[in-house]
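Engineer: based on what follows, work out the 3D shape:
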Amino acid sequence: MKIDEIKIFIPTKNRWDKQKTYEILKSINLNPILVIEPDEEIYAKNKYEYILLPKNNQGIAYSRNYILDYSRKNSFDYIVMIDDDVNCFYVKDSSGKLVKNNLGFIKALENFISYKNYCGLEYQQFAWCQNSEFTYNRSVEVCLMIYVPAIPEHIRFDPNSKEDKDFAIQIIKNGQKTMKMNNISISVPKIGTNKGGLNDWYKNQGDKLASEYMLKKWGENIITLKDKGGRIDAMVNWKNVKSNEFDDCALF
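Structural biologist: A predicted model of the protein is given here:
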């Protein structure tokens, strides 16, 4: 398996003035593919490589599920879904200091090829204090690396939920591990500071409704609601997320 065989998809919406992630990945000789809504195709023609969603304004879970289905249809085993507003990547050097280095993403892709499951990168603001190279069984966000053959078709991104957290919970309960790389991290704008994308969704309390849905879906043992300065978020007690196989064994 070669790096250039990995399909890198960038779902994007209302950010045609600045395609940050696309530009970064092209600068390190990768070939990302934008995933766009029909109404915005006019901005991408003759400028970007892209695939077109069937419908407009269906949300990020719809886009993620479409990418999964599209990848299965085209026999893509290794895929990445990455946000369109990445500022840069960081690599932890031998002294433990985080150093800006976009080529670190190439190493992350190599790790992904070896791991052959569901993995991603830590946020730059949290990576500096991590003592281990990898963290397992946590949510993967911003940069989702998916080995498609390892993901059962019944596991989908739930459009009513905090879709990335919910997807990770499903993966773990299915008896698999998620993995985050701590020595290679990612920098993105703070929520609510970057127009386009999910910004309107946050402003319209989509975050709150999705978090309340998560609580109903998974229960108080797994989900706690937390007010983050006026924004309600679903906090996951990852220690309580057990595989269904484990739960079944515990009954006997």
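
Engineer: helix or strand for Met179, which one?
Structural biologist: Assignment of secondary structure by DSSP states H and E places Met179 within strand 178-187.

Engineer: for that strand, which strands pair with it and how are they oriented?
Structural biologist: The strands beside strand 178-187 in its sheet (DSSP bridges) come out as strand 88-92 (antiparallel), strand 118-123 (parallel), strand 134-136 (antiparallel).

Engineer: report the distance from the shortest one to the chain centre.
Structural biologist: It stands for strand 134-136. A distance of 15 Å separates the C-alpha centroid of strand 134-136 from that of its chain, computed with Cα atoms, centre = their mean, to the nearest Å.

Engineer: if we can go back for a sec, tell me which of the strands paired with strand 178-187 sits most buried.
Structural biologist: The highest average neighbour count among the strands paired with strand 178-187, using mean count of other Cβ atoms under 10 Å, belongs to strand 118-123 at a mean of 23. Quick note: C-beta positions are derived from backbone N, CA and C, even for glycine.

Engineer: helices or strands up against the very next helix or strand once past it?
Structural biologist: Heading C-terminal from strand 118-123, the first helix or strand you meet, by DSSP H and E, is helix 124-127. Packed against helix 124-127, as judged by 3 or more Cβ pairs under 8 Å, 6 or more residues apart in numbering; DSSP states H and E, are the following elements: strand 88-92, strand 178-187.

Engineer: Lys165: which of these is closest?
Structural biologist: strand 178-187 (10.5 Å; Cβ to Cβ).

Engineer: quick one on the thing from earlier: distance to Cys143 and mean pLDDT added to the helices and strands packed on helix 124-127, as JSON lines?
Structural biologist: JSON lines is the format used below for the helices and strands packed on helix 124-127 (distance: least, Cβ to Cβ, whole Å; pLDDT from 0 to 100):
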{"stretch": "strand 88-92", "distance to Cys143": "9", "mean pLDDT": "97"}
{"stretch": "strand 178-187", "distance to Cys143": "6", "mean pLDDT": "97"}
